[in-house]
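> Provided below for reference: sequence and predicted model.
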Amino acid sequence: MSDKTLVCRDCGQEFVFTTGEQEFYKEKGFTNEPTRCAACRKAKKEQNNRR
């Protein structure tokens, strides 16, 4: 595995999906790569918690 550069679906900025993060996703059984950068993931999580 190596670091991957992905594009955030919300803000369009590139972000790095590190080898460590990929291993964490695999360990947790996640099959999809993240579609949002860390900042947008945090904002989305906070938005969902307000409802």
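Good, I have the coordinates. Numbering: from 1, shown residues only.

> residue ranges for the helices of this protein, please.
Applying DSSP state H to the chain gives helices spanning 19-28, 38-50.

> List just the one of the ones you listed that sits closest to residue 12.
Evaluated over the helices of the chain, closeness to residue 12 peaks at helix 38-50, with 9.9 Å, by C-beta to C-beta. C-betas here are computed from N, CA, C, even on glycine.

> Taking helix 19-28 as reference, get the angle to the lowest-mean-pLDDT helix or strand in the chain.
The weakest-scoring helix or strand in the chain, judged by mean pLDDT, DSSP states H and E, is helix 38-50 (a mean of 94). Helix 38-50 and helix 19-28 are oriented at 40 degrees to each other (axes from the mean of the first three to the mean of the last three C-alpha atoms, to 10 degrees).

> Dump helix 38-50 to PDB, restricted to CA.
What follows is helix 38-50, C-alpha atoms only, in PDB (Å, rounded to 0.1, in the frame of the first residue of the first chain):
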ATOM      1  CA  ALA A  38     -11.000  15.600   7.300                       C
ATOM      2  CA  ALA A  39     -12.400  19.200   7.600                       C
ATOM      3  CA  CYS A  40     -15.500  18.300   5.600                       C
ATOM      4  CA  ARG A  41     -16.000  15.000   7.500                       C
ATOM      5  CA  LYS A  42     -15.900  16.900  10.800                       C
ATOM      6  CA  ALA A  43     -18.300  19.500   9.500                       C
ATOM      7  CA  LYS A  44     -20.700  16.800   8.200                       C
ATOM      8  CA  LYS A  45     -20.500  15.000  11.600                       C
ATOM      9  CA  GLU A  46     -21.300  18.200  13.500                       C
ATOM     10  CA  GLN A  47     -24.200  19.000  11.200                       C
ATOM     11  CA  ASN A  48     -25.700  15.500  11.800                       C
ATOM     12  CA  ASN A  49     -25.300  15.800  15.600                       C
ATOM     13  CA  ARG A  50     -27.300  19.100  15.600                       C
END
